[in-house]
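>>> Give me coordinates for this.
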Amino acid sequence: MPVSISLEVMLLGLFFLWFTRKQKAGKIIATIGVGLFALCSYGEFSNILLKSLEYKYPPVLNSTNIADVRWVVVLGGGHTSDSALPMTSQINEGTLVRLVEGIRLHKMFPGSKLILSGGAVFDPVPNAKVMADVASILGVEERDIVLESESKDTKDEARLIKEMVGDDKFVLVTSASHMPRSMELFEKQGMKPIPAPTDYMVKERQGISPAMFYPSATGIIKAERAFYEYLGFAWAKLRGQI
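Next up, the predicted model:
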């Protein structure tokens, strides 16, 4: 990840500066670390990394030319179980955006069922269960919700959802940056989902903001999202999953 890499390079540079005679090498290495961190902090650079992922598939804005959709599949993105907080605060931001988009599409396609996917990975409660609870709060009927709560990653989700939907037509909802990898994993299982990306981080500005010219934590978050997906692609290819 960008922060980890930058910090490690800077620490290596400081090691050379403080504990060796290689002062010039230490200065160069530390400068590279600072430069990498600064570069990733600028939104425009991070946007370049993310845009090719997020805009590979267009969003589903209406039901024109799309018919007979039986399922709307929402891939989980994480949560933190904390009984001291309302359910809407336990679900993380990315998952909430995916869920809301899934509910919008579920209402767009009458008669469809909402499949909420995600197992218990780093939390004892399956992500699908948390999404279902929030969906109920948002007015979705329990009879329209189907849970897939055994998966550990997107590869598992594709395999398990194949068993649930068979050859039925379905819409696949996940974050825009995650959609290209998800599509390849689902297509590897012989499915042809209709992609419905959401949770966009790269958006066309309608004006100029001073924030465009300064580094920010948002730039780092975007860079990390891009790094995560590119690493995910590499790992999936190495394992023959796509």
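
>>> which stretches of this structure form helices?
2-19, 23-41, 43-54, 87-90, 93-108, 127-137, 154-165, 179-188, 217-238 (DSSP state H).

>>> Point out the one among those helices that comes closest to residue 145.
For residue 145, the closest of the helices of the chain is helix 127-137, at 5.2 Å, according to Cβ to Cβ. For glycine as for every other residue, the C-beta is placed from the backbone atoms N, C-alpha and C.

>>> Output the contacting helices and strands for that closest one.
helix 87-90, helix 93-108, strand 113-117, strand 145-148 (3 or more Cβ pairs under 8 Å, 6 or more residues apart in numbering; DSSP states H and E).

>>> Mind checking the pLDDT average for the last one?
The average of the pLDDT scores along strand 145-148 is 98.

>>> still on that earlier bit, just send the helices of the chain back as CSV, with mean neighbour count, mean pLDDT and distance to residue 211 too.
Formatted as CSV, the helices of the chain follow (neighbours: other Cβ atoms under 10 Å; pLDDT from 0 to 100; distance: least, Cβ to Cβ, whole Å):
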stretch, mean neighbour count, mean pLDDT, distance to residue 211
helix 2-19, 15, 94, 19
helix 23-41, 16, 94, 12
helix 43-54, 19, 90, 8
helix 87-90, 15, 94, 27
helix 93-108, 20, 97, 19
helix 127-137, 21, 96, 31
helix 154-165, 19, 96, 32
helix 179-188, 20, 97, 27
helix 217-238, 17, 93, 8
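
>>> what would the helices and strands packed on helix 127-137 look like in a markdown table with distance to residue 77?
A markdown table is the format used below for the helices and strands packed on helix 127-137 (distance: least, Cβ to Cβ, whole Å):
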| stretch | distance to residue 77 |
| --- | --- |
| helix 87-90 | 13 |
| helix 93-108 | 4 |
| strand 113-117 | 10 |
| strand 145-148 | 14 |
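
>>> To residue 165, which of those lies closest?
Short answer: strand 113-117, nearest of those by Cβ to Cβ, at 7.4 Å.

>>> how close does residue 200 get to residue 137?
Separation of residue 200 from residue 137 (Cβ to Cβ, to the nearest Å) stands at 24 Å.

>>> what distance separates the start and the end of stretch 157-174?
Stretch 157-174 has an end-to-end distance of 12 Å (criterion: Cα to Cα, to the nearest Å).

>>> quick one, which of the helices of the chain is nearest to residue 60?
Residue 60 lies closest to helix 93-108 among these, at 6.3 Å (Cβ to Cβ).

>>> the inter-axis angle of that closest one versus helix 217-238?
Calculated by axes from the mean of the first three to the mean of the last three Cα atoms, to 10 degrees, helix 93-108 forms an angle of 70 degrees with helix 217-238.

>>> contacting residues for residue 114?
With contacts defined as Cβ atoms under 8 Å, 6 or more residues apart in numbering, the neighbours of residue 114 are 71, 72, 74, 102, 103, 106, 135, 140, 144, 145, 146.

>>> For those residues, give me TSV that also has distance to residue 7.
What follows is the contacts of residue 114, written out as TSV (distance: Cβ to Cβ, whole Å):
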residue	distance to residue 7
71	43
72	41
74	35
102	37
103	39
106	43
135	39
140	43
144	46
145	42
146	43
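
>>> so which of those would you say is closest to residue 177?
Of the contacts of residue 114, the one sitting nearest to residue 177 (Cβ to Cβ) turns out to be residue 74, at 15.8 Å.
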